[in-house]
Every structure is written in C-alpha cells, then in structure tokens.
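Asks: Model the following, please.
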Amino acid sequence: MILDVIGVEFRYDSRRILRDVRFALKAGELLAILGPNGVGKTTLLKCINANLKPAAGSVLVDGCDVLRMDAMDIARRVGYVAQRTEAARLTVFDAVLLGRRPHLGWRVSDQDLRLTGAAIERLSLGPLTMRSIDRLSGGELQKVAIARALVQEPRLLLLDEPTSSLDLRNQIDILKIIRQVVDQHEVAAAMTMHDLNKALRWADKFIFLKEGAVYAAGRSREVTSEMVAAVYGVPVEIHLHRGFPWIIPLEQNGSERN
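Replies: Sure thing, here's the model as predicted:
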C-alpha cells in the first residue's frame, strides 16, 4: 500500500474539522475526495502532506509516518499541488525545475534538466518556457504547479482542485495526464474536486466526506443517488453513459421541471 490514512482527526481551535478518517491507496489507484464546501477536503490533503498536524491518527506513505519525516523526505515521496499557487519572479522552466530540489546533489544534473523539459512539454507549456510565472494566467500557473509536482517523481500525488481555473479542453487534458501518470508510473494519487461527473469519470475510487467524516466510499461505479443526496442535499438520478456514472440533478431553480 502506498498510502494509509488511519483515524485522522483535526481541529481548528475547538472546532473539529475531521474525525476518524480512514482509507488506503495502492499503486495505480486514483482517488476522488468529494463533498460540499467546508467539509474538510483541503484540510485532509494538508494533513496527509504534513502541512497540518492531525490531533489524532497517522498517515503512512510506503509504511513510513509522514509526521516523523522532515520536509525534504516528504517531498521525495509526496507531490502536493495546492488549489492556488503564488506567482513569483521565476521563469516557467526554473519554477518547474524547483520540483527537483529534493533530489538535487551539488549541481543540477542532465537528468534533472531532462525531466524538467519533459514535464513542461507534457503540460503543453513549451511556448512559455522562459516567461516569468507572474505573467501567466491562473490556468497556466496551475499547469506549472502540476508539472513541478511531476518532476519530483513522487510515490503519491495530492491535488487540490487540479482543474480549477482551467477551460474545458485543459480540464480534460490535465485529468488525462494525471490518469496516465498513475497508470504508467505505478504511483497513487488523491484529488479533491467539485465536478462529480469528471471526478467519477477519471478516478478509480471515491470517498464522500460529510461533517468531517467518511460518509461513503467505494469504486467509482458504485456511487448511488442516495449517497449524493445525503451528502449534498440534492436529489439526483445516476445513469451509466459509456460505462461511467453520470449524475443528473433533479432540481432546477428550487423545483423539478416537467
């Protein structure tokens, strides 16, 4: 197992955000973490990456407790893409190359340069290679952040709303790339998303968070309308389209139309 999340709890002051969250991921699996705003999805990713320290529980990556690792050890194992990336006075090439920092020796190697160039091309950032990232659009900046995580060569990828700020074409491209990386490089990945249909189309597994706990979990094709209604408070129908679940809300403007 690449990732084991065991009984994780987290509090902001006296307010409990996460309670007894448990799940596991093995190589080749992509997990969608789903639920309404404020339920703790981003907090959970930050606990897994040790940006936040859980009040209870543990997080194991390849059997090692991330809370006992230093930041560089975590970065060798986990690639984390935040929902928002701060722009800086760096070129796209240098910003992506920073992802190699956990692996750098005394100098940047030919391998570091090769991996950086390959990630830039994979994310279709080639024409922007020497542009300063503080001159990029939000979507372009998001793609730089994903490229930087990929060059870390992590065992686990964590992505917080990886398709936010992207148009439809780029959303599909990013999800394809994440799926290919998981399939071809024997890594595991977990991503938060609000678009249920895209999440269930590309992910193998899902968990629904409700009131900070795992309400339901399973393979993507096991999602039910009862689960969605209980978590989001919206009645839905679920149909299979080309073998994938397609969620259709039954309410429009507060009432169902005939």
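Asks: what number of residues lie near the closest residue in space to Asp65 that isn't next to it in sequence?
Replies: Nearest non-adjacent residue to Asp65, counting by Cβ to Cβ, 6 or more residues apart in numbering: Ser58, 5.6 Å away. Any C-beta I mention is one placed from the backbone N, CA and C, and that applies to glycine too. Counted with other Cβ atoms under 10 Å, the neighbours of Ser58 add up to 14.
Asks: right, and Ser58 touches Val21 too?
Replies: No: counting by Cβ atoms under 8 Å, Ser58 sits too far from Val21 to count as a contact (11.2 Å).
Asks: ok, back up a step: note down every partner strand of the helix or strand where the residue nearest to Asp65 lies and its orientation.
Replies: Using DSSP states H and E, Ser58 falls within strand 56-61. Each strand paired with strand 56-61, and its direction, by DSSP bridges: strand 3-12 (antiparallel), strand 64-65 (antiparallel).
Asks: Tell me which of those strands lies nearest to Lys26.
Replies: Nearest of the strands paired with strand 56-61 to Lys26, taken as Cβ to Cβ: strand 3-12 at 8.2 Å.
Asks: May I see the buried residues of the closest one?
Replies: Under the neighbour-count criterion of 16 or more other Cβ atoms under 10 Å, strand 3-12 has Leu3, Asp4, Val5, Ile6, Val8, Glu9, Phe10 buried.
Asks: Check stretch 212-223 too.
Replies: Across stretch 212-223, burial judged by 16+ other Cβ under 10 Å covers Gly212, Ala213, Val214, Tyr215, Ala216, Ala217, Ser220, Val223.
Asks: Could you dump the strands paired with strand 56-61 into a markdown table with mean pLDDT added?
Replies: As requested, the strands paired with strand 56-61 are arranged in a markdown table below (pLDDT from 0 to 100):
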| stretch | mean pLDDT |
| --- | --- |
| strand 3-12 | 96 |
| strand 64-65 | 95 |
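Asks: which residues in the protein form helices?
Replies: 41-48, 71-77, 92-97, 110-122, 138-151, 168-184, 196-202, 225-232 (DSSP state H).
Asks: out of those helices, which comes closest to Lys26?
Replies: Set against Lys26 and scored by Cβ to Cβ, these come closest in helix 168-184, at 10.8 Å.
Asks: What is the closest one packed up against?
Replies: Contact partners of helix 168-184 among helices and strands, from 3 or more Cβ pairs under 8 Å, 6 or more residues apart in numbering; DSSP states H and E: strand 30-34, helix 138-151, strand 156-160, strand 188-192, helix 196-202.
Asks: Return the set of buried residues in that helix.
Replies: Applying 16+ other Cβ under 10 Å to helix 168-184 flags Asn170, Gln171, Asp173, Ile174, Leu175, Ile177, Ile178, Arg179, Val181, Val182 as buried.
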